[in-house]
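Enquirer: below is the sequence, then the predicted model.
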Amino acid sequence: MNPSTIVPLAATVRVVPYFEGFIVGRHFPLSTPIKVMALERQCIVPKSLTLNTHELLMGKHNKAIKLTRRKIRHIIRNKINNNSTKRIAAEMKVSISTVKRVWMYWLKNREAVPINKSGKKKKELDDDNRSQIIKIHKKQKLGARRLEKVLEFKYNKHVPHNAIHRFLLEEGLAEENKKKKKLRKPLD
């Protein structure tokens, strides 16, 4: 191989001056001196894809907040006025499939899509736990957090203290403290 052979390393975008060196490999004799043209790679982003493209076509990932009654009414009104699905999705910051889902539900049922309440459902206390809480509270006059520990120690049952406190409030055995209910500033 000729020592002045030029070997391109990447797609030609911009040429940088030559540098001399040695290359060792299967296709070259050992320690063959060559001149290599160093090239810079350059990333080219098509104009159709920008940083905000995804945000324009879709909303945030929180589905519970994404679709509201107001947005549903707006989607239905615009679909009745023959606006495009893509445009409505961009305006409302929801996905195109969400707009289609709302519209198909409207066509079938002639009513808006029901919005289900998000989050974990609160577990109701059974009668056995209620009677044990009342019994322990009458004996020892304890608050919800202490009652939680007593129930775990004595009866080997875990009942969350918020559920116990909610039950005590319903029965009139506890009072709400407004100072404790107030939102505190986070510590820095």
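Expert: Now that the structure is in, tell me what you want to look at.
Enquirer: any chance you could map the helices in this protein?
Expert: Per DSSP state H, the chain carries helices over the ranges 53-57, 63-66, 69-80, 85-92, 96-109, 127-140, 144-155, 161-171, 178-181.
Enquirer: contacts for the third one next, please.
Expert: Helix 69-80 is contacted by residues 85, 87-88, 91-92, 94, 99, 102-103, 106, 112-113, 115 when judged by Cβ atoms under 8 Å, 6 or more residues apart in numbering. (Glycine included, C-beta is placed from N, CA and C.)
Enquirer: any chance of those residues in JSON lines, plus pLDDT?
Expert: Formatted as JSON lines, the contacts of helix 69-80 follow (pLDDT from 0 to 100):
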{"residue": "Thr85", "pLDDT": "93"}
{"residue": "Arg87", "pLDDT": "92"}
{"residue": "Ile88", "pLDDT": "92"}
{"residue": "Glu91", "pLDDT": "88"}
{"residue": "Met92", "pLDDT": "87"}
{"residue": "Val94", "pLDDT": "88"}
{"residue": "Val99", "pLDDT": "93"}
{"residue": "Val102", "pLDDT": "94"}
{"residue": "Trp103", "pLDDT": "95"}
{"residue": "Trp106", "pLDDT": "95"}
{"residue": "Ala112", "pLDDT": "92"}
{"residue": "Val113", "pLDDT": "91"}
{"residue": "Ile115", "pLDDT": "86"}
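Enquirer: quick check on those: which are buried?
Expert: Among those, those classed as buried by 16 or more other Cβ atoms under 10 Å are Thr85, Ile88, Met92, Val94, Val99, Val102, Trp103, Trp106, Val113.
Enquirer: name all residues that make contact with the residue nearest to Arg130 when sequence neighbours are not counted.
Expert: The spatial neighbour of Arg130 that comes closest, neighbours along the chain excluded (Cβ to Cβ, 6 or more residues apart in numbering), is Phe167 at 6.4 Å. The contact partners of Phe167, taken as Cβ under 8 Å, 6+ apart, are Leu125, Arg130, Ile133.
Enquirer: let's see if you can find the most crowded of these.
Expert: Neighbour count (other Cβ atoms under 10 Å) singles out Ile133 as the most crowded of these, with 24 neighbours.
Enquirer: and it, how far from Asn156?
Expert: Separation of Ile133 from Asn156 (Cβ to Cβ, to the nearest Å) stands at 15 Å.
Enquirer: next: Asp126.
Expert: 15 Å.
Enquirer: residues contacting Leu125?
Expert: Ile133, Val159, Ala163, Ile164, Phe167.
Enquirer: surely the second one meets Asn129?
Expert: Meaning Val159. Yes. With contact defined as Cβ atoms under 8 Å, Val159 reaches Asn129; the gap is 5.5 Å.
Enquirer: comparing those two, which residue is more hemmed in?
Expert: Val159 (21 against 17).
Enquirer: what about that one, distance to Lys179?
Expert: From Val159 to Lys179 the distance is 25 Å (Cβ to Cβ).
Enquirer: understood, closing this out.
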